[in-house]
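Undergrad: sequence and predicted model, in that order:
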Amino acid sequence: MTGFLARYRSKQAERGPWELREGIRSRARELRALLLDRISTHADDDRVQNLAREALEELEKAEQAINHHEHARYKNASHLTVGQIHLDTAHNLLLRLSGPNEMVAMMPGVLAVVQAYLPSTDPRRVGVERIDHWITQKGALTEDDLELILDAVGVARQAGIRETLRVRSFVNIVAWVTGFLAAAAVLLAVLGGVSDDTLPLCFTPGSGVGRSGYSVVCPVKSELQPRFSRLDQNVAAATTPADYTLVEIVGLVAAAIAAATTLRRIRGTSTPYNVPVVLAVLKLPTGALTAVLGLLLMRGGFVPGLSALDSSAQIIAWAIVFGYAQQLFTRLVDSQAQSVLNRVGAPNAPAAQPPSASPAPRAPAH
């Protein structure tokens, strides 16, 4: 039994964004090696020892957070974000262990992080861009420059985490809405099956003219009725408990086809939250509901000239059209999702132009 549980937990550990998890783990090992080197080469420096030990603790927390088999499956993405937070903290502490001369070599990477997450008007970004322009000419940094750079990097990484959390919030909202719509679709199908004659999806072409009989056309079957029989009773007799279920299934399939056609516009995401999947799932219950609601609008005469369909095939055909038409509503959600994803890790604006005037003389780095 113990061996079975061990194998089961090892399989559980493979679930989730495995590549992102290994990326955090490999980066943590790299930073750990650098920190251990600092500890060994600065054995007499208490400041270096304290900061390095704090950074090592952050790396340990990062690796603990990404162990998926210790957490519920649905929290895998959240624990990847937590692991990234601890990893960023450890890297910030490592930067604090770097001197001004070492920071000069790190400036391209530092500038990329700052420009990716801070707006062009942020004073810290402006300061880092000016420092970068200055060191390309002089190649030196002061202690004040170093402190400004470290502060800007820390704030930029926090902004990056907040953007990732916005993606998580968006995914959660879409998932809750999808669950609500799915429950509504199931409830509607159940009510339609229990009381199929309360709000039938049937049409009565020719019931208002002529002396001959007329047809009662429902999604499942059609029946010819005599002219002088009661209309409501004939419609109730023609309905079946499967009418609503059939229409919803047809609408769901049409929505699935619509979701497949939108794949050409999906670019995927590098975040641990699977936005394209939740968007595709949202379309399914939406298509089931729009198929039913569209037919009810037609039966109520909302669409002039289309209030009396002639056959069950026509009802199914219109259910396909209304199920596919859910794209008109979910398209706005797709656009919002792409907008949210575009803000993650993308440069906020082009780099600021360096000042035309030469900066004031600066004290050389010690």
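TA: That came through, no problem.
Undergrad: which of the three states applies to P119?
TA: Following DSSP: H, G, I helix; E, B strand; the rest coil, P119 is assigned to coil.
Undergrad: give me the neighbour count for it.
TA: By other Cβ atoms under 10 Å, 11 other residues sit near P119. C-beta here means a position set from N, CA and C on the backbone, and glycine is covered the same way.
Undergrad: ditto for S222
TA: 19.
Undergrad: separation between it and C202?
TA: Remark: distance between S222 and C202 (Cβ to Cβ, to the nearest Å) = 9 Å.
Undergrad: for the nearest residue to V82 once chain neighbours are set aside, what are its contacts?
TA: Counting by Cβ to Cβ, 6 or more residues apart in numbering, V82 lies nearest to A65, which is 4.4 Å off, once chain neighbours are set aside. Residues near A65 by Cβ atoms under 8 Å, 6 or more residues apart in numbering: H79, L80, V82, G83, H86.
Undergrad: mind redoing it with 7 Å?
TA: Residues in contact with A65 (Cβ atoms under 7 Å, 6 or more residues apart in numbering) are H79, V82, G83, H86.
Undergrad: that older thread, find residues that contact each of S222 and C202.
TA: V216.
Undergrad: now do the helices in this protein.
TA: 2-13, 18-41, 46-65, 76-96, 100-117, 123-138, 143-194, 231-238, 243-261, 275-299, 312-324, 327-342 (DSSP state H).
Undergrad: so where is this structure shaky, pLDDT-wise?
TA: 1-17, 68-76, 138-139, 206-214, 225-232, 265-270, 303-308, 345-366 (pLDDT under 70).
Undergrad: pick out the residue nearest the middle of it.
TA: In the chain, the centroid-proximal residue (Cα atoms, centre = their mean) is V275; its distance is 2.9 Å.
Undergrad: how far away is it from A65?
TA: 22 Å.
Undergrad: and for G154?
TA: 19 Å.
Undergrad: with D45 instead?
TA: The value you get for D45 to A65, if Cβ to Cβ is used, is 30 Å.
Undergrad: stretch 234-247: end-to-end distance?
TA: End-to-end span of stretch 234-247 (Cα to Cα, to the nearest Å): 21 Å.
Undergrad: buried residues in stretch 158-168?
TA: A159, G160, E163, T164, R166, V167, R168 (16 or more other Cβ atoms under 10 Å).
Undergrad: kindly report the same for stretch 240-247.
TA: For stretch 240-247, burial by neighbour count (16+ other Cβ under 10 Å) applies to T240, A242, D243, Y244, T245, L246, V247.
Undergrad: dump the residue contacts of the last one.
TA: What it means is V247. Applying Cβ under 7 Å, 6+ apart, one finds that V247 lies in contact with L201, P219, A291, V292, L295, A319.
Undergrad: now tabulate these in JSON lines and tack on distance to T142 and neighbour count.
TA: Shown next, in JSON lines, are these (distance: Cβ to Cβ, whole Å; neighbours: other Cβ atoms under 10 Å):
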{"residue": "L201", "distance to T142": "77", "neighbour count": "23"}
{"residue": "P219", "distance to T142": "78", "neighbour count": "25"}
{"residue": "A291", "distance to T142": "68", "neighbour count": "34"}
{"residue": "V292", "distance to T142": "70", "neighbour count": "24"}
{"residue": "L295", "distance to T142": "73", "neighbour count": "24"}
{"residue": "A319", "distance to T142": "71", "neighbour count": "28"}
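Undergrad: would a markdown table of the residues you listed with distance to L95 be doable?
TA: Putting the contacts of V247 into a markdown table (distance: Cβ to Cβ, whole Å) gives the following:
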| residue | distance to L95 |
| --- | --- |
| L201 | 65 |
| P219 | 66 |
| A291 | 57 |
| V292 | 58 |
| L295 | 63 |
| A319 | 60 |
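Undergrad: from those, pick the one nearest R130.
TA: The closest of the contacts of V247 to R130 turns out to be A291 (Cβ to Cβ; 59.5 Å).
Undergrad: distance check, the nearest residue to the closest one once chain neighbours are set aside against A236.
TA: Leaving aside its sequence neighbours, A291 sits nearest to G251 (Cβ to Cβ, 6+ apart; 2.6 Å). The gap separating G251 from A236 is 24 Å, by Cβ to Cβ.
Undergrad: quick one: which of those two has more around it?
TA: Using other Cβ under 10 Å as the criterion, G251 and A236 rank with G251 on top: 31 against 15.
Undergrad: residue contacts, the more buried one?
TA: Taking Cβ under 7 Å, 6+ apart, one finds G287, A288, T290, A291, V292, A319, F322, G323 in contact with G251.
Undergrad: quick one: the second one and L252 touch, right?
TA: Translated: A288. Yes - using Cβ atoms under 7 Å, A288 is in contact with L252, at 4.5 Å.
Undergrad: these two - which one has more neighbours?
TA: Remark: of A288 and L252, A288 carries more neighbours, 32 against 22, as counted by other Cβ under 10 Å.
Undergrad: which other residues reach stretch 27-44?
TA: In contact with stretch 27-44 (Cβ under 7 Å, 6+ apart) are residues 48-49, 52, 55-56, 59, 62-63, 87, 90-91, 94, 97.
Undergrad: closest to Q336 out of these?
TA: Nearest member of these to Q336, counting by Cβ to Cβ, is L87, at 29.3 Å.
Undergrad: got the domain ranges for this protein?
TA: Each domain of the chain is listed here as a residue range: 2-162, 171-342, per automatic domain parsing.
Undergrad: roughly how far apart are T261 and V174?
TA: Note on T261: its distance to V174, by Cβ to Cβ, is 19 Å.
Undergrad: for S169, which residues are in contact?
TA: S169 neighbours (Cβ under 7 Å, 6+ apart): none.
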